[in-house]
Every structure is written in structure tokens, then in C-alpha cells.
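Colleague: please work out how this folds:
(chains A and B)
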Amino acid sequence: MSATAQASRPDQAVARAAARMTGTGLLDALHAEWTKLRTISGPAWLLLGVVALTTGLSVAAVGATHCPAGPQCAVDPTKLSLTGIQFGQAVVAILAVLTICNEYSTGMIRVTLAAMPRRELVFAAKAIVVTGLVLVAGALAAGGSLLAGHLILPGHGFTAARGFHAVSLSYGPTLRAAVGSVLYLGLIALLSLGIAAMIRDSAVSIGVALGVLYLFPIILAFVTSTTWQHRLERWTPTVAGLNIEATTGLRSLPISPWGGLGVLAIWAGVALLTGGSVLRFRDA
Amino acid sequence: MTTDALSRPRTGTGAGADAGRGGFGWLLRSEWTKFRTVRGWVVGMVVAAILTVFVGLFAAGNATSNCSNSPNGPTLTGKACLPYIPHGPGGEVVNDSFNFAHQPLTGNGSITVRVISLTGEHANITNGHGAEVGAGPNLVPGLAPWSKAGIIIKQSLHQGSAYAAMMVTGGNGVRMQYNYTGDTAGLPGKVSAAEPRWLRLTRSGDTVTGYDSTDGTHWTQVGAVTLTGLPATVQAGLFATSPTYTVTNTSFGGDSNNGGPSQATGVFDDLAASGTPAGGKWADVAVGGGGPVGGGPGGDGSAGNGPAGNGPSGFTEAGSTYTLTGSGDIAPATPGPGSNYPTATIEQSLAGAFIGLIAIVVVAAMFVTAEYRRGLIRTTLAATPRRGAVLAAKAAVAGGAAFVIGLVASTVAIAVGVQLETSNGQVVLPVSALTEIRVVAGTAAMLAVAAVFAVALGAVLRRSAAAITIAIVTVVLPFLLTALNVFPSGVGDWLLRLTPAAGLAIEQSIPNYPQVISVINPAAGYYPLPPLAGFAVLCAWAAAGLALAFHVLRRRDA
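Modeller: Numbers count the residues shown, from 1 in each chain, chains lettered A, B, ... in the order given. Prediction:
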């Protein structure tokens, strides 16, 4: 770990990077992050986990829900089909946390930052690569979940004749729910990246990230004060964000679908900014 | 290297020599020293306690009642909603509202009747809006599974007094029920004119015996119960009642419950009673406002609740045929929807236990994995070559610390939380001191065993991220996702039976009464397994984890 030997090479890299355009620097960083993620097996398994767990839980939920003859079936078929997102988001958070924290636990972060001294660029590249991968996995997961709903739900009593819309992307609100759910997972990844950059330790980061995802809905389940219910429904990341999945009863939603996703985006943005600042201004 | 490392610490450093000399006590002490001197872990444990208390009290403090289920109407809030709260002979809070056509019964005697029909109506809840009690409800035909009508022998007309009853139900056949919590099954099947049911209750001293029959000649004893301190003169007669009809819409982050009243109508004939005054008339009273929905005479005056409507009383007598309509329930009050009162449980203040669980699991797993990451494990194992003892000491220290932290947190959360719930106008369902101790100490024990499980995972997996992910996914997520209604109820029930998350059942203070419909959901205070069985499942997981860790630790190079 001789500082002089290591410092000289990154200096050249800095000089080279500085000589080029900024965009090339980001491309280099992207390439580096992509290589790092591509060449270890953990992220691939976790991404597979996102798709498998999300689709699996959605299939279980859809398969276990019936609407027997009778007047009461207050079920949103699209939202039901996307049940698995609430499980998949945990895996997304773990994946995002590990991309940052593994570098700290192995000491790789010092190499990374020596090679790429513009830390915000490294952070941006990580965020782009991880979010991109999560969006792809999320699209597969949401697609699989909706396909399950499309195939199974009509046979369980959720028919057009009884006023249920088909779970199909040609139906506007369902398309919004599908696209929104994929974006939701992407934002969860960004939120978790920000938390990981603030905390650095993988274990604590996973604990905190999962706490942020699930704490507020649990409080909501226990609190019966309507004032607090309303506040929690409107301003907490997961509860507000998941309004994007709603396709029925839109008028009684606590916050509009895109508004709810916006709330999650604000949380993710604040976490990213804080995490980025910590990365920028604290010694690695 | 290995022999060198193995020999030197034993005779060299003081701690190592002490460990060799002092045995397990010194090992415990060295592990405790490691634990308490890492600031992050101590902070983590304290944060676990603070979060548990804070989240729990936040939930308890904001659990206000909105009176939507209260018989006193939805315009009041807080304590003003509360009607008279009857307590049963066993001390539990009960619902006791029914329509009662009664006569005094002095000394020993019996009452026999044939039930030829049980029908019902409930609030029409289709569009997510519940009908309001007493506001001209819009009823549609339909019988609740626990709508009931039959004969009852009751200590007095006061709500909460002792009773024994034989009844036909909407979906659970003939039952004998007594003193609110007791429930014994009799003949199965629905009652109809083609398949009537004869019911009989006989009183002999303090003992009331229930019989049922399909033909009025061949009788089967369903049960005999002792109602301690039954006075010489009791009230006997026909009753009908039907519990609140509730539709639960589940969604991420809690359910919305739409409820409305329901009523049941029983048709009886062949009524015979002995021990009652000669030529006595059957007098109708709606105990606890349990007459027909939107009508009927008010309560008996002592109860002081229930809308004293001026509609029909719900009792008609035509020749030898009696028709009786009532609404309400004769059953223990339970948490969650369906109760007449805004009920709360003591364990609602433990809503934060899961976040404390996350923090404790993180610290416990790191207690092992940090040694692997820093290479300290080689020193530890060199100093104490008995690897099983090292693992046991680590598990004992992490579990002990989690127990103490959990005990402090759950004691504070319940002590303060129950006060908050009460001052918010909630009826905190009383439990015995033994149950309260089981809930408080059990929560601490649950956290301790979860910590041991995390230690075992850490020793097997060696990587903190992997150990913590698996610990959280198996211990916390099944509870969370079931409480949040993410899973369909069948899936959630099985997860809470099979995964380590079953251990959270130790928090449940009110038993699952089969005769009261309730949604099995941790947020409402229900777990699919009994408390100790659920805790045993968690212990089994921890034991299996420890066994695997013990095996792996001895067979693998550190």
C-alpha cells in the first residue's frame, strides 16, 4: 500500500480524463462500474431474485384470490397482479446497498476513487448502472406479474361482465401502473444507494434501507388516527409511491398516482444528494 | 503458522491463559468485553430499544377511536363514544347484546324448544360505504356464520352476567356456549323446516346441561357446565342475535373495514319450560340494545346504551309459534373489526418490536461476521480452541444483551402505551397478570432467540450482508408482509407458522376465539399459531442454526 506508487498512476488518469470531455469521463466510469457488476455473480443472482420473487409472489397472490358470486369484491385486479413488487423491492434495496458497501468492506473503494478521483462521477455511474439493471429486471418482473394476472384472474371471477377491467397494457391505467412499478423499483434502488453511501457498512445499510421501506406501512397499519393516516399515506416513500399501482377508486386515493411516485422520487433525491455529499466530502 | 498460533496465545497473553484456566465463564467475559467495547454495537442495541418504544408509543398514541362502530353514534370522539363496557365472569371484556324473550326460572328446571328457521339480514355494503347504525339502514338478506338463535339460561338481565345457551348458528351448526368464552359443537348442518333442531337446557344447582336432538325424542348431551354462584332465580328463554357484518378491503399498509349491523331471526315452536311461574308470559327485552336493527325497545335500563328506537320489538307470538329478531353478539370482545367497542390490546404498543428486531439481528450477525472480516476470529480460535464453546459464548452474550434490551423496551412500551390507549378512549382488553408477563418477557425472549439465530447465520455464512439479508428475510419480512396484507391470507398464515417469524406470536394477548370472526393478521393482534407454539418454532430454527454453525465451525478452517 505505498501511496506514492499508487498516486502516480491515477494522476495520469486524472490528467487524461481532464484532457477529454466530461462526457467521456462519465462513459469511462460507466464502463468501469459495468465491468465490476458484470464480473461478479452476486448482482446477477440478486437481479434474478428480483424477477423470480416478484413474479412468484404475484402468481401466488393472483392464484389465491377469488371473487365468488356476490356483491363484494373490492379488488383492484392490476394492483393485485403487481403484489410481488412489495417483496421484490427488498431484493432491489439489497442489490443497491451491496454495490456500494461491498467496495467499502473489501477496500476496493480506495482503488476506485484513486482511479477516478471525481467522486460524484463514480457515484453517478454506479447509480446509472444499478438503476438501469433494476429497470430491466423490474420490467421483466412487472411484465411477468401482469401476465399472470391477465391469464389467471378472469377464471377467478374477475370478468368484464362483473365490471372488472382486463389486466392488459392496452388499458391506460394498467399501462401507467406497469410503467410506474418499474420506475418505482428504480427509485427504490436510488434511495438505497443514497442510504448505502451515507452508512457504508453493508449490514447496517441493509437494516436501515429495509426499515425505511417497511417501517411506515407498519406504523400505518397500527395507527388509527385519521390525521396521521393521511400524513403517512401522502408523505412516506413506499406507501405514497405504491399509489402508482392503483387503477380503480382513483378519486379516493390519498395522493395521485404520479404524485405518490413523485414523493418517492423526492425521498430518493434527498438520499442520493446526502449520500453523494458524504462520499464527496468524507475520507473513504 | 497454525501450531505457532495455537500454542502461543494459550501460554502467552493473559486473556488466553485465563480462558484456558477459567473455562466458560472467562470465555463469556471475553466475548462480553468484545461486545460492549464496540461503540457501534452498543449504539445499535440502544437504538433498537429507542425505536421499539418510540414506534410503539406512536402507534398507541395515535390509535384514537372514531366511533364508527360505537352504538353511541359516529359524531362523538374519544371516551365519549364508549358505551357501558360489560365484563364477563372471567374478567374479560365482552359483547352482550341480544333480544331476549324471558321468564324467571326458580330453582331447578329446564327449557326445551324446536327451532324451525334461522334467517338474517345485513347491511348492504357494496360500494365501500358502511350503513350507519340506526339511520334507516339498507339491509339485504344474508346470514352471518355466527348469527345465532336458541335458548339461554342467564344469571340476570344485566350485560356480562353468567349464562349457558344452546343455539343454532348461521354456518356452524348447533353449539352450546357459556360464559362468553366457552363453545362446544353439537349437531352439524343448517336448520330448516325440513330439518328442525330441538334444543334443551336443564338447570340443576350450579350446573346447566345442554342437549340437542333431530326428532325431539332422541337427545344427545352436548355439554354440562358449572356456572359458579348462580342465584336461585335466573332468567330463561329464547334469544336471537347477530354480530356486526364487516367487509375488509385489504391493501398495502393496512385495511379499511366497512361494517354495518346485521340481524338474525329465529322461528321457534314446541316451547316448554319447567320451573317457571304457572301461566307466565314471555317478556321481551333487548339486552344491551340487542333488538332488531333500527327499532325495538331500548336496553333494560341498567346498560344505558343502544338506540331506544320505537320500531317493532322483534318478538311475536302466534299460537305456539314464536318469532324473535335480534342483533349484537354474546361473545368475548376481540381486537380488530367486529367488536362493539374501539378495542385495543396491550401488544399494540409493541408495534415497534419489529424495527428493534431488525437492529438486534444486524448487531448479532455482525458480532460474528466482524471477526471474520477483521481476521480476529483466528486470534479468538487460537486463544480458545474449543470452537463450540466460542460459539456458545457468542450466542449467550448476543442473546443476553438482546433479552435485557428487549425487556426494558417492551416494559416501557406497554406501561406507557396502555395509558395512552386508555386516554384516547380505547378499551384496552384486560388480560391476566400472567399473560402480561408472558407478553413482556416473551417479547424480550423472542428478540434474544432471534439474536441467537442471527449469530448462527453469521457463523455459517461469515459475510455480514448475506447473514443479515437471510435473517431479515426469514425473521422480519414474513411478519411485515403479512401484517401489511401483502400476501393472500392463506400464504401469510403458513409463513407465520413455518418461518422464524412465527416467534412473534408470543406477543398475542387475546386468544383466537373460534366463535368470533376475526382476520388472522398480526396488525390486528392475531397469529395463526398459539403464542408458545410460535415461539417454539423460532427456537427450533435457532437450535437448527446453532447446530449447523457448530458443525461448520468445527469442520472448516477459520
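Colleague: spell out which residues of the stretch 101-250 of chain A are next to chain B.
Modeller: A:101-102, A:105, A:201-204, A:206-207, A:210-211, A:214-229, A:232-233, A:238-239, A:242, A:249 (C-beta under 8 Å from any C-beta of the partner chain). Backbone N, C-alpha and C define where each C-beta goes, glycine included.
Colleague: switch the cut-off to 6 Å
Modeller: Those residues of the stretch 101-250 of chain A that sit near chain B, judged by C-beta under 6 Å from any C-beta of the partner chain, are A:202-203, A:206-207, A:210-211, A:214-215, A:217, A:219-225, A:228, A:239, A:242.
Colleague: restricted to helices, list those residues.
Modeller: With helices taken from DSSP state H, the overlap with those comprises A:202-203, A:206-207, A:210-211, A:214-215, A:217, A:219-222, A:228, A:239.
Colleague: these: which two are farthest apart?
Modeller: A:Ser202 and A:Trp228 (32.9 Å; C-beta to C-beta).
Colleague: so these two - more neighbours on which side?
Modeller: A:Ser202 (27 against 18; other C-beta atoms under 10 Å in any protein chain shown).
Colleague: separation between the more buried one and A:Ile195?
Modeller: According to C-beta to C-beta, to the nearest Å, A:Ser202 and A:Ile195 sit 11 Å apart.
Colleague: repeat that for B:Leu271.
Modeller: In terms of C-beta to C-beta, B:Leu271 sits 71 Å off from A:Ile195.
Colleague: equivalent analysis for B:Gly406, please.
Modeller: For B:Gly406, the distance to A:Ile195 equals 25 Å [C-beta to C-beta].
Colleague: how about B:Gln221?
Modeller: B:Gln221 is 65 Å from A:Ile195, by C-beta to C-beta.
Colleague: these two: which has the busier surroundings?
Modeller: A:Ile195 (28 against 13).
Colleague: could you double-check that the more buried one sits in contact with A:Ala209?
Modeller: Yes - contact status for A:Ile195 versus A:Ala209: in contact at 5.0 Å, counting by C-beta atoms under 6 Å.
Colleague: any residues in contact with both of the two?
Modeller: Residues touching both A:Ile195 and A:Ala209 (C-beta atoms under 6 Å, 6 or more residues apart in numbering or on different chains): none.
Colleague: report pLDDT for A:Val204.
Modeller: Note on A:Val204: pLDDT of 87.
Colleague: now do B:Ala441
Modeller: pLDDT, B:Ala441: 96.
Colleague: secondary structure element for it?
Modeller: helix B:433-461 (DSSP states H and E).
Colleague: find the closest residue to chain B in the stretch 51-200 of chain A.
Modeller: A:Ala64 (3.5 Å; C-beta to the nearest C-beta).
Colleague: got a pLDDT number for that residue?
Modeller: At A:Ala64, pLDDT is 79.
Colleague: neighbours of it, how many?
Modeller: Using other C-beta under 10 Å, A:Ala64 has 16 other residues around it.
Colleague: pLDDT below threshold where in the stretch 51-200 of chain A?
Modeller: A:68-73 (pLDDT under 70).
Colleague: now the strands for it?
Modeller: Counting by DSSP state E, counting those that start in this stretch, no segments of the stretch 51-200 of chain A form strands.
Colleague: which stretches of it form helices?
Modeller: For the stretch 51-200 of chain A, the helices defined by DSSP state H, counting those that start in this stretch cover A:77-81, A:85-106, A:108-115, A:119-152, A:172-199.
Colleague: just those helices: most buried one?
Modeller: helix A:77-81 (a mean of 27; mean count of other C-beta atoms under 10 Å in any protein chain shown).
Colleague: any bit of it sitting next to chain B?
Modeller: No - applying C-beta under 6 Å from any C-beta, one finds helix A:77-81 out of contact with chain B, separated by at least 7.4 Å.
Colleague: tell me how far that helix lies from the chain's centre.
Modeller: Offset of helix A:77-81 from its chain centre (C-alpha atoms, centre = their mean, to the nearest Å): 19 Å.
Colleague: ok so, going back, would you mind giving the helices of the stretch 51-200 of chain A as TSV with distance to B:Thr482 added?
Modeller: Below are the helices of the stretch 51-200 of chain A laid out as TSV (distance: least, C-beta to C-beta, whole Å):
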stretch	distance to B:Thr482
helix A:77-81	16
helix A:85-106	12
helix A:108-115	38
helix A:119-152	19
helix A:172-199	21
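Colleague: to B:Tyr245, which of those helices lies closest?
Modeller: helix A:77-81 (23.6 Å).
Colleague: name the residues of the longest helix out of those in chain B that are buried.
Modeller: Criterion DSSP H: the longest helix present in chain B is helix B:387-423. Using 16 or more other C-beta atoms under 10 Å in any protein chain shown as the test for burial, helix B:387-423 gives B:387, B:390-403, B:405-407, B:409-410, B:412-414, B:416-418, B:420-421.
Colleague: and stretch B:470-486, average pLDDT?
Modeller: On average, stretch B:470-486 scores 83.
Colleague: show me the shaky parts of chain B.
Modeller: B:1-22, B:63-83, B:125-138, B:246-259, B:294-312, B:336-341, B:488-489, B:518-520.
Colleague: can you give the domain ranges for it?
Modeller: B:2-62+B:346-555, B:95-126+B:136-339 (automatic domain parsing).
Colleague: closest one to A:Val263 among these?
Modeller: domain B:95-126+B:136-339 (13.6 Å).
Colleague: chain center to the closest one: distance?
Modeller: 24 Å.
Colleague: same check on stretch A:206-215?
Modeller: On C-alpha atoms, centre = their mean, the centre of stretch A:206-215 falls 13 Å from the chain's centre.
Colleague: ok, residues contacting that stretch?
Modeller: A:89, A:93-94, A:97, A:192, A:195, A:238, B:355, B:358, B:362, B:468, B:472, B:480.
Colleague: among those, which one sits closest to B:Ala286?
Modeller: Among the contacts of stretch A:206-215, and counting by C-beta to C-beta, the member closest to B:Ala286 is B:Leu480, at 43.6 Å.
Colleague: contacts only, for the closest one.
Modeller: A:Tyr214.
Colleague: before we move on, back to that, is the helix holding B:Ala441 positioned near chain A?
Modeller: No - Helix B:433-461 lies out of reach of chain A by C-beta under 6 Å from any C-beta, never closer than 9.4 Å.
Colleague: elements contacting that helix?
Modeller: For helix B:433-461, the elements it packs on are helix B:353-374, helix B:387-423, helix B:464-471, helix B:531-555, judged by 3 or more C-beta pairs under 6 Å, 6 or more residues apart in numbering or on different chains; DSSP states H and E.
Colleague: now that helix: buried residues?
Modeller: B:435-436, B:438-461.
Colleague: then stretch A:28-37?
Modeller: Buried residues in stretch A:28-37 (16+ other C-beta under 10 Å): A:28-30, A:32-33, A:36-37.
Colleague: in helices, which of those appear?
Modeller: Members of those lying in helices (criterion: DSSP H): A:28-30, A:32-33, A:36-37.
Colleague: for B:Phe479, see how far away A:Ala221 is.
Modeller: On the measure of C-beta to C-beta, A:Ala221 and B:Phe479 end up 11 Å apart.
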